[in-house]
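In: here is my input, please return the structure:
(one chain, ligands or ions: 2)
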Amino acid sequence: MTGNKQRLGQVLVVCAPSGTGKSTLIAKLHEEFPNFGYSVSYTTRAPRGQERDGREYHFVSRETFVAMRSRGEFCEWAEVHGNLYGTATAPVKEMLSQGKDVLFDIDVQGAKQLKKTFYKGNFVFLLPPSRDELVRRLTGRGTDSPEAIAKRLANADGEMAEAGFFDYWIVNDDLENAYQELRAVFVAARCKPELRPDVEENILKNWGEHG
Ligand code: ADP
Ligand code: 5GP
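Out: Ligands and ions are numbered 1, 2, ... in the order given. Below you'll find the predicted structure:
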């Protein structure tokens with residue numbers, strides 16, 4: 001007999017200094033696993049390039065953000081490069097309970113706060129192979145002004161100092177290697193017993209009863 005319990009979603013947090021290649025790697029993961037959920041953050045920064053409201057971010061005014069924060073709607077929030085960013089708790093919990101894996105693309109300060117709510121999540125840190133290469137990638141991307149790049153680099157120095165917080169380190173030198181490592185973490189996490197109350201109910205609980 002099959003019970004009512006179902007698989008729960010995993011929490012996968014991916015952090016990296018800006019310019020490391022986090023968006024590139026997450027896009028690849030999404031291509032292979034189009035069904036994973038993505039925690040769409042709220043931010044006060046303006047949309048860049050092709051970004052659309054509700055897809056990459058919920059773009060809101062500082063006033064709206066502060067009101068949401070004071071109502072306790074965020075499980076974490078941070079000021080990054082002069083803008084506010086936050087994760088709303090309710091949609092994440094809803095996806096997890098439906099068995100959807102949820103990926104969080106947040107900064108290191110946010111990851112540390114998130115651990116208090118989702119302490120069993122997997123926290124992954126992507127590292128650039130060197131500071132010089134990070135400068136090349138930030139410049140080569142062509143989306144940020146020299147001032148914004150300088151801000152991102154200063155922030156990167158602080159984030160690299162927090163590497164010890166994370167469960168996994170993935171160096172994004174060769175893109176394909178880095179992708180295989182990220183993929184391995186994602187796939188392995190789905191096998192965690194705490195995410196499989198369905199296995200507990202359907203297989204383990206009654207084991208031996210009919211033997
Ligand atoms: P992030 O999301 O971490 O800020 P992006 O994914 O936008 O970074 O990548 C920054 C730049 O680096 C982009 O131009 C991207 O194409 C390039 N890039 C990403 N991964 C690699 C890699 N392994 N080797 C070389 N360039 C890379
Ligand atoms: P960007 O403006 O380049 O999209 O993001 C800047 C930084 O903010 C990135 O490191 C990104 O991971 C982080 N960020 C995005 N959303 C959130 C969020 O909801 N919370 C926190 N703490 N950081 C976020």
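
In: what comes up buried for stretch 92-103?
Out: 92, 95-96, 100-103 (16 or more other Cβ atoms under 10 Å). For glycine as for every other residue, the C-beta is placed from the backbone atoms N, C-alpha and C.

In: make that stretch 133-149, sorry
Out: So stretch 133-149, judged by 16+ other Cβ under 10 Å, has buried residues 134-135, 137-138, 144, 149.

In: and the most centrally placed residue in the chain, helix, strand or coil?
Out: Centroid-nearest residue in the chain, with Cα atoms, centre = their mean: residue 104, separated by 1.9 Å. Of the three states, residue 104 takes strand according to DSSP: H, G, I helix; E, B strand; the rest coil.

In: pretty sure it contacts residue 13?
Out: Yes: with contact defined as Cβ atoms under 8 Å, residue 104 reaches residue 13; the gap is 4.5 Å.

In: identify the contacts common to those two.
Out: By the contact definition Cβ atoms under 8 Å, 6 or more residues apart in numbering, residue 104 and residue 13 are jointly contacted by 111, 114, 121.

In: now these in TSV, with neighbour count, pLDDT and distance to residue 186?
Out: Shown next, in TSV, are those (neighbours: other Cβ atoms under 10 Å; pLDDT from 0 to 100; distance: Cβ to Cβ, whole Å):
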residue	neighbour count	pLDDT	distance to residue 186
111	24	97	16
114	22	96	17
121	19	96	12
